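Student: sharing a model that was predicted from the sequence below.
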Amino acid sequence: MPCHPLLKLVPLFLAGCAGAGAIYEFRPTEGPLLYHITDHGQLLIDTPVGEQRSTDSTQATVAIEIGKGDAEGREVSVTFEALQLWAGGDFPARHTEGGELIGRPFRGTLSRTGSIKVTAGPDISKELSAVTDPSALFTELLAPLPPGGESEADAWPHRTSFSTQAAMSMQASYDGTASFAGDTTWNGQAARIIVSEGITTATAHGTPAGAPGEVEFTYTGRSTTRYIWDPERGVMLASSASIKAKGELEVRSMQMKMPITYEGSRQVALLKQTEAQ
């Protein structure tokens, strides 16, 4: 996720909606699935003294294990193997690392609707929590699957909501549709393409470091994500996402409102699946 507090807009995409059918569903993993996540973004703020640009970049390596299930969903464990965040542009450069978070698992439940509910996890340092909520990346490891797991389903609704706490409190929602977009191969193995397109909206407020006071923003943007899904193993192999958004940022103490635009992209790829111990 973006490192600069003003850039911690929202997870680009709020994935979910895992099906419950026999083919298109998340299944227990034979060993940890190791993913690499790369995120880039640029925020432009139209201030009275000219345009200001802030850039952000995140790189993370995350392992996820999915276990047995019950009526509430499946057991899930998510562990950061690496996490680094950068901010720059016209703002002071900043670099933040995962620190003591690395190697310590979050545990919870992967619901039948495709969201992860965290029930236990490591403490997050004040430095890291000031710029991001690490659990916001968990949804990037999931893909929207057709209701009932139907392999020949038509387009289906893909709606999710998300809230996060960092230097700014944020609420976001995604309203779109997902559909199959043909077959492909990924690293030599057969796979299917799922595409989700829709509208992301978000509101946030807080006092990020370096701000002249409490700020609030709202924005709306069109999001598109292309997922590569392995139906044989029930595993997401990769995804690529993009967003273009426009909105408004207000500095309350100055009674000043400024237009903002944001463009971002994200790449997720399965590095490997380790063998079960």
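Tutor: Thanks, I have it. Numbering: from 1, shown residues only.

Student: the strands in the protein, which residues?
Tutor: Secondary structure of the chain (DSSP state E): strands at 33-47, 50-70, 73-89, 94-97, 106-110, 116-120, 156-165, 168-186, 189-206, 215-230, 235-251, 256-273.

Student: of those strands, which is nearest Asp133?
Tutor: strand 156-165 (4.1 Å; Cβ to Cβ). Using the backbone N, CA and C atoms, a C-beta is placed for each residue, glycine as well.

Student: note down every partner strand of that closest one and its orientation.
Tutor: strand 168-186 (antiparallel) (DSSP bridges).

Student: okay if I get the strands of the chain as TSV plus distance to Leu145, mean neighbour count and mean pLDDT?
Tutor: Rendered in TSV, the data for the strands of the chain read as follows (distance: least, Cβ to Cβ, whole Å; neighbours: other Cβ atoms under 10 Å; pLDDT from 0 to 100):
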stretch	distance to Leu145	mean neighbour count	mean pLDDT
strand 33-47	16	19	93
strand 50-70	13	18	91
strand 73-89	13	20	92
strand 94-97	33	14	89
strand 106-110	12	20	94
strand 116-120	15	14	90
strand 156-165	9	17	82
strand 168-186	8	16	90
strand 189-206	8	18	92
strand 215-230	8	20	93
strand 235-251	10	18	94
strand 256-273	16	17	91
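
Student: closest to Phe138 out of those strands?
Tutor: strand 116-120 (4.7 Å).

Student: give me the distance from the closest one to the chain's centre.
Tutor: 16 Å (Cα atoms, centre = their mean, to the nearest Å).

Student: which strands border it, and is each parallel or antiparallel?
Tutor: Going by DSSP bridges, the partners of strand 116-120 are strand 106-110 (antiparallel).
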